[in-house]
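In: Show me how the following folds:
(2 chains)
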2 protein chains.
Amino acid sequence: MSRLVLGLALSIVCALSPLHAQTSGPEEAVALYGAAWSETDTEKRLALLEKAWAEDGVYTDPTAELEGRDALHAHIGAFLDQGTGASIVLTSKVDSHHGNRLRFSWSMVSKDGETMVTGIDYGELDDDGRLRLIVGFFGPFPSLDENAGGSP
Amino acid sequence: MSRLVLGLALSIVCALSPLHAQTSGPEEAVALYGAAWSETDTEKRLALLEKAWAEDGVYTDPTAELEGRDALHAHIGAFLDQGTGASIVLTSKVDSHHGNRLRFSWSMVSKDGETMVTGIDYGELDDDGRLRLIVGFFGPFPSLDENAGGSP
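Out: So this is what the prediction gives:
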């Protein structure tokens, strides 16, 4: 009987524990994801995305919309293969609430250190602590005074 | 036979036409949604949300998480019932891409015209042109230098 109770208790503990968590939360997920954008070694980049990005995660910005870890892996590879030496750097800490909704800001910086593009990302984590969604926006928020503003 | 073909063609046209669209897109959806935050007449506020907000839409910010049009209607009502005279005003145009993903910035302004809180919202539209998700964040993006920053 006590063995049955112990087994039941262990089952409950295992079911409740986040043993499957791949990251410690928004900060680590975004740090690994950000590192992937600079990782030219394809195997190392995939390893970063395996921890930080859901297998069916969706990435979109004004110029792209793709689904799945492999598609993002290839998308970042195409960016890095341009060979411009430009890199994506985070320009804010990760701001999150409810454990799974987050935002951060970033810049694309040329190899000479000049800011080429600024942007912000909205993101969501899945229950495994991996990013299941990143939606990027480019530039500042469009002014109320602009006749035409915002992302393309 | 020609009547059959006409009927079939009409069926296809009706199925493809966005006759069910409730808004013309991100700008109108956010304008109606923003107006709801200042509408103290409960019936008029509900009418605004019936056009701008999906029946099962999710609203969340650092202090709230709720699902459904009725829940949002009540949430805005509770804000307005505080009787502070504070209002939410949009401080940017709506910036969107792919027709359904958007961002805008806003301020909470006191009845004396002073800015009490600033924030940004990320939003998504459903196929009917209604908001199915708004995720709000308060204040500026947390600085990389801050020891502790961001939303609670």
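
In: and the closest residue to residue A:55 other than its chain neighbours, what is it in contact with?
Out: Of all residues not flanking residue A:55 in the chain, residue A:69 sits nearest, at 5.2 Å (Cβ to Cβ, 6 or more residues apart in numbering or on different chains). From N, CA and C alone the C-beta is placed, and that goes for glycine too. Remark: with contacts taken as Cβ atoms under 8 Å, 6 or more residues apart in numbering or on different chains, residue A:69 is in contact with A:46, A:49, A:50, A:53, A:54, A:55, A:56, A:57.

In: I'd like the distance from the host helix or strand of residue A:32 to the chain centre, please.
Out: Element membership for residue A:32 (DSSP states H and E) is helix A:26-36. Between the centre of helix A:26-36 and the centre of its chain there are 6 Å (Cα atoms, centre = their mean, to the nearest Å).

In: Buried residues in that helix, which are they?
Out: For helix A:26-36, the neighbour count (16 or more other Cβ atoms under 10 Å in any protein chain shown) marks A:26, A:28, A:29, A:30, A:31, A:32, A:33, A:34, A:36 as buried.

In: which one of those is nearest chain B?
Out: residue A:26 (9.8 Å; Cβ to the nearest Cβ).

In: Let me know whether the closest one touches residue A:126 as I believe.
Out: No - distance between residue A:26 and residue A:126: 11.9 Å, which falls outside the contact criterion (Cβ atoms under 8 Å).

In: Stretch A:117-127 near chain B anywhere?
Out: Yes - Stretch A:117-127 lies within reach of chain B by Cβ under 8 Å from any Cβ of the partner chain, at A:120, A:122.

In: Tell me what angle the longest strand along chain A forms with helix A:26-36.
Out: The strand that spans the most residues within chain A, counting by DSSP state E, is strand A:115-125. Between strand A:115-125 and helix A:26-36, the angle comes out at 130 degrees (axes from the mean of the first three to the mean of the last three Cα atoms, to 10 degrees).

In: Report the rounded mean pLDDT for strand A:115-125.
Out: Averaged across strand A:115-125, the pLDDT comes to 97.

In: can you pull the buried residues of that strand?
Out: For strand A:115-125, by 16+ other Cβ under 10 Å, it's A:119, A:120, A:121, A:122, A:123, A:124, A:125.

In: Can I get those in CSV including distance to residue A:80?
Out: Output for the buried residues of strand A:115-125, formatted as CSV (distance: Cβ to Cβ, whole Å):
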residue, distance to residue A:80
A:119, 18
A:120, 22
A:121, 18
A:122, 23
A:123, 21
A:124, 25
A:125, 25
